[in-house]
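S.K.: quick one: sequence and predicted model below, then my questions.
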Amino acid sequence: MAAKAIWNDAETDALVTYLHSQRSKIGDGGNFRPQVYTDAATAIAMHWTLGPTKVASHCKNKWQSLKSLYHVIENYCLKTSGTHWDNQIGAGIEGITASNVWDAYMEKKANHVMHPYQNAGWHNYVQMQDILPSGSGA
């Protein structure tokens, strides 16, 4: 088993950009073929700063995390009444009503990954949306 990866923003951005370029190779469940993860590790290598050099399994695990975050945001936007998403201000929580909706959504532990985006956007969202369109189930 590979050592635990420590990802910097440049590596994450490079991974999303690479996978976006390979989105035609995505399979059922929103996963890529093993070779795509191997090639992704090579593509992001120049951005490494800390921890072990990323290998295919690191890229696949990071993809799973990014995909989970994307789906939490999508569920918040599409299945939670009275919500908002903006790539600049995230959920844009202002006022008591929005705070109450946000707090209720954050009660579920799986939704905690969205917490940093309460009032800040996620710049990878647009590329993720291209890879995993709304309603794709991937």
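M.R.: Thanks, I have the structure now.
S.K.: now do stretch 27-37: distance to the chain's middle.
M.R.: What separates the centre of stretch 27-37 from the centre of its chain is 15 Å, taken as CA atoms, centre = their mean, to the nearest Å.
S.K.: any buried residues in the lengthiest helix in the chain, and which?
M.R.: Longest helix in the chain, counting residues (DSSP state H): helix 56-79. Neighbour-count burial for helix 56-79, counted by 16 or more other CB atoms under 10 Å, picks out 56, 58-63, 66-67, 69-76. No exception for glycine: its C-beta is placed from N, CA and C like everyone else's.
S.K.: and for the helix or strand following that helix, what are the contacting residues?
M.R.: Next along the chain after helix 56-79, taking DSSP states H and E as the criterion, comes helix 95-106. When contacts are defined by CB atoms under 8 Å, 6 or more residues apart in numbering, helix 95-106 is touched by residues 76, 80-84, 91-93, 111-112, 114-115, 118.
S.K.: swap in 7 Å and give it another go.
M.R.: Tyr76, Thr80, Gly82, Thr83, Ala91, Ile93, Asn111, His112, His115, Gln118 (CB atoms under 7 Å, 6 or more residues apart in numbering).
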